[in-house]
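Undergrad: Sequence first, then the predicted structure:
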Amino acid sequence: MKQDLRALMQKRKAESSKLPNGHEERFANKLEAHFGEKNNTKQHTFYWLKIASVAVVFMAIGMFTFYSIAPNKSTIDGNEIVSETAVQTVSNKMTLGDISPDLKKVEDYYMAGINVQLASLQINNDNKDLIDGYMEQLDELDNEYAVLNDELNTIGPTEATITALIDNLKLRLELLFKLKNKLKELKNQNNEQINSIQI
């Protein structure tokens, strides 16, 4: 019953490597029958779906643009009246920059200075408590600025409101400069302590 496996495997390879006559033709015919006609109709359908989806997207963009650009008006007895939603969206967008170009320059100057100072802060374990204290004060000033901005939108631009908004921006920038000075003092104290320990 013992047989040499090598001899069996060589015999089997010789038998199985030869394909039956006409196998390749039958296989190609089956592929063509199965995928040939259906594949073309699927591609054709997919092509029209692409066109339809592009058309829907363009229509949606067009409608969105039309409704966002067109004025929001209502008519009562032939007279045009601006609706309350249009007034609210306009009033919600009013800032110092909307009042005059000079005020926009002032607002941009202070906001840029505030952002630069905030971006340049380097927080570590030694100064975290100090920075957190100043950040709480900045948050209070931010909240006050939001209240003043709401007042500007509801009441309208008054000299007192505009002055208060500008003063708020000044205070925030001054507070950040004070924080920078305190951080420098803290860093110098730490360096002096390290130098005195090393001596």
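TA: Yep, that arrived.
Undergrad: wouldn't residue 106 be in contact with residue 166 here?
TA: Yes. Look at residue 106 against residue 166 with C-beta atoms under 8 Å: they come within range, at 6.1 Å. Quick note: C-beta positions are derived from backbone N, CA and C, even for glycine.
Undergrad: Name the residues contacting each of these two.
TA: Common neighbours of residue 106 and residue 166 (criterion: C-beta atoms under 8 Å, 6 or more residues apart in numbering): residue 96.
Undergrad: average pLDDT across stretch 98-107?
TA: Average pLDDT, stretch 98-107: 82.
Undergrad: What residues sit buried inside that stretch?
TA: Judged by neighbour count (16 or more other C-beta atoms under 10 Å), stretch 98-107 contains these buried residues: 99, 103, 106-107.
Undergrad: Check the offset of it from the chain's centre.
TA: The chain centroid and the centroid of stretch 98-107 are separated by 27 Å under C-alpha atoms, centre = their mean, to the nearest Å.
Undergrad: For that stretch, which outside residues touch it?
TA: For stretch 98-107, contacts defined as C-beta under 8 Å, 6+ apart pick out 95-97, 157, 162, 165-166, 169.
Undergrad: Give me the neighbour count for residue 157.
TA: The number of residues packed around residue 157, counting by other C-beta atoms under 10 Å, is 16.
Undergrad: contacting residues around stretch 188-199?
TA: With C-beta under 8 Å, 6+ apart as the test, stretch 188-199 has contacts from residue 126.
Undergrad: hey, where'd the strands end up in the chain?
TA: For the chain, the strands defined by DSSP state E occupy 73-76, 79-82.
Undergrad: Mind picking the two most distant members of the contacts of stretch 98-107?
TA: Spatial extent of the contacts of stretch 98-107 (C-beta to C-beta) is set by the pair 157 and 169 at 15.8 Å.
Undergrad: Return the backbone torsion pair for residue 122.
TA: Backbone torsions for residue 122, taken as degrees, to the nearest 10, come to phi -120, psi 110.
Undergrad: residues in contact with it?
TA: Residues touching residue 122, when contacts are defined by C-beta under 8 Å, 6+ apart, comprise residue 183.
Undergrad: which one's the longest helix in this protein?
TA: Ranked by number of residues, the top helix in the chain under DSSP state H is helix 159-198.
Undergrad: Tell me which residues of it come out buried.
TA: Buried residues in helix 159-198, counted by 16+ other C-beta under 10 Å: 161-162, 164-166, 168-169, 171-173, 175-176, 179, 183.
Undergrad: Would you mind putting these into TSV with distance to residue 20 and pLDDT alongside?
TA: Rendered in TSV, the data for these read as follows (distance: C-beta to C-beta, whole Å; pLDDT from 0 to 100):
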residue	distance to residue 20	pLDDT
161	94	85
162	94	85
164	95	88
165	90	87
166	93	88
168	90	89
169	88	88
171	92	91
172	87	89
173	89	87
175	90	89
176	86	87
179	87	86
183	86	85
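Undergrad: That concludes my questions; thank you for your assistance.
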